[in-house]
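Chemist: kindly return the folded structure for what I paste below:
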Amino acid sequence: MRRVDLRSDTVTLPSPAMREAMYHAELGDDVMGEDPTVNRLQEMAAQQMGKEAGLFVASGTMGNLVALLTHCGRGQGVIMGDSSHTFLNEGGGSSALAGVYVLSVPTLPDGTIEPDVIEAAIPTPDVHHVRARLVCLENTHNYKGGMPLSAEYTATVADLAHRHGMSLHLDGARIFNAALALGVEAKVLAAPADSVMFCLSKGLSCPVGSMLCGSAEFIERALPMRKMVGGGMRQAGVLAAAGIVALEQMVDRMQEDHDNARLLAEGIADIPGLRLDQESVSTNIVLFSLVAGTMTEDEYRERLGQEGVWMSAIRSRPIRAVTHYGIERDDIEYALQVMRRVMSG
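Modeler: Numbering: from 1, shown residues only. Below is the predicted model:
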């Protein structure tokens, strides 16, 4: 049976060039700072983000956790959106491992948080209150359908945070998708943030890894935090080699994913019984739901899966489809054929 896996861009497989680079990677002990391939990747990542230094970590969750540990002391506060990945999908590490108190605030449909709402969430200086040290934003925003945040908005939040003695961390897991959608370099979107994490293993198609970037002083303080959470890898150049290929070859390719997402959204809009807002499809994520009275989203996904089209769900609804490396235009056309057939029958 043909399989079209649209559950996530995390299902991507490394390209042939990545596999070749991994096989031939020059290696050393990265915990000792002696892996030349990791060092090169870290330099490239920092340059891409417009930061002084970079740190290779095992996952985006680890990158965000290390950032929290570096920016905040135990018992201090972080302000983040109530539908952010760090708040909902990282195992509660903010509190369980970093000991940081999360001040969650409402996320708007476009993935932003009202600056006034952020400011209102900052506890007043008082012995009874937690001290907020960090604001977190997410770009693109996963639960809001891959909506990109502009550099201007991020700068506004950064200025607000800095006025109140706080830092800004950017969960930029899909920041290259945001950059393509907005027609700017990723470093422009990362510039206002004090630290930024981006994933290598989503649209960039690496098997493992993410990057945490910031000032040289920040990364120096982040290093022992990475070690503390088990992120010190030895001959990690085997993995970093794929990241180098990704930054050299895979960034511009992601425009194909955006084009395929738009094609999918246009097709879904023409299927009776399905509902989506085409204007909300800006990058590689498509969210849609079913008109009441047809079938449930879970039933629909199950029936699609029986015919080889796999999608995920955000808390049962809406349904989420994510385009990525390995998904071609004809895969989208096939998926739409199956979707029409299941809805009609």
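
Chemist: what separates the residue nearest to Glu114 when sequence neighbours are not counted from Leu134, distance-wise?
Modeler: Nearest residue to Glu114 in three dimensions, chain neighbours excluded: Leu108, at 6.8 Å (Cβ to Cβ, 6 or more residues apart in numbering). The C-beta positions use only the backbone N, C-alpha and C, and glycine is treated the same way. Distance from Leu108 to Leu134, counting by Cβ to Cβ, to the nearest Å: 20 Å.

Chemist: for Gly326, what are its contacts?
Modeler: When contacts are counted by Cβ atoms under 8 Å, 6 or more residues apart in numbering, Gly326 touches 11-13, 205.

Chemist: please apply the same query to Arg320.
Modeler: Counted by Cβ under 8 Å, 6+ apart, Arg320 has contacts 7-8, 285-287, 311-314.

Chemist: mind checking how far the nearest residue to it once chain neighbours are set aside is from Arg19?
Modeler: Using Cβ to Cβ, 6+ apart and skipping residues adjacent in sequence, the residue nearest Arg320 is Ser312, 4.8 Å away. Here the criterion is Cβ to Cβ. By it, Ser312 lies 27 Å from Arg19.

Chemist: and Met295, how many neighbours?
Modeler: Burial of Met295 is recorded as 15 neighbouring residues (other Cβ atoms under 10 Å).

Chemist: try the one 10 residues further on
Modeler: As a burial measure, Gly305 scores 15 neighbours (other Cβ under 10 Å).

Chemist: which residues does the closest residue in space to it that isn't next to it in sequence contact?
Modeler: Excluding the flanking residues, the one nearest Gly305 by Cβ to Cβ, 6+ apart is Met311, at 7.9 Å. Going by Cβ under 8 Å, 6+ apart, Met311 touches 6-7, 301, 304-305, 319-321.

Chemist: assess the claim that the residue nearest to Glu114 and Val117 are in contact.
Modeler: No. Between Leu108 and Val117 there is no contact under Cβ atoms under 8 Å: 9.1 Å.

Chemist: where are the low-confidence patches of this structure?
Modeler: Low-confidence segments of the chain (pLDDT under 70): 316-317.

Chemist: the same query, at a cut-off of 80, please.
Modeler: 293, 315-317, 345 (pLDDT under 80).

Chemist: in it, which spans are strands?
Modeler: With DSSP state E, the ranges of strands along the chain come out as 4-5, 53-57, 77-81, 101-105, 132-138, 167-171, 195-199, 210-214, 274-275, 285-290, 309-310, 312-313, 319-322.

Chemist: any chance of the ones you listed in a markdown table, plus distance to Thr37?
Modeler: Shown next, in a markdown table, are those (distance: least, Cβ to Cβ, whole Å):
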| stretch | distance to Thr37 |
| --- | --- |
| strand 4-5 | 29 |
| strand 53-57 | 10 |
| strand 77-81 | 33 |
| strand 101-105 | 36 |
| strand 132-138 | 29 |
| strand 167-171 | 26 |
| strand 195-199 | 18 |
| strand 210-214 | 14 |
| strand 274-275 | 46 |
| strand 285-290 | 31 |
| strand 309-310 | 34 |
| strand 312-313 | 33 |
| strand 319-322 | 29 |
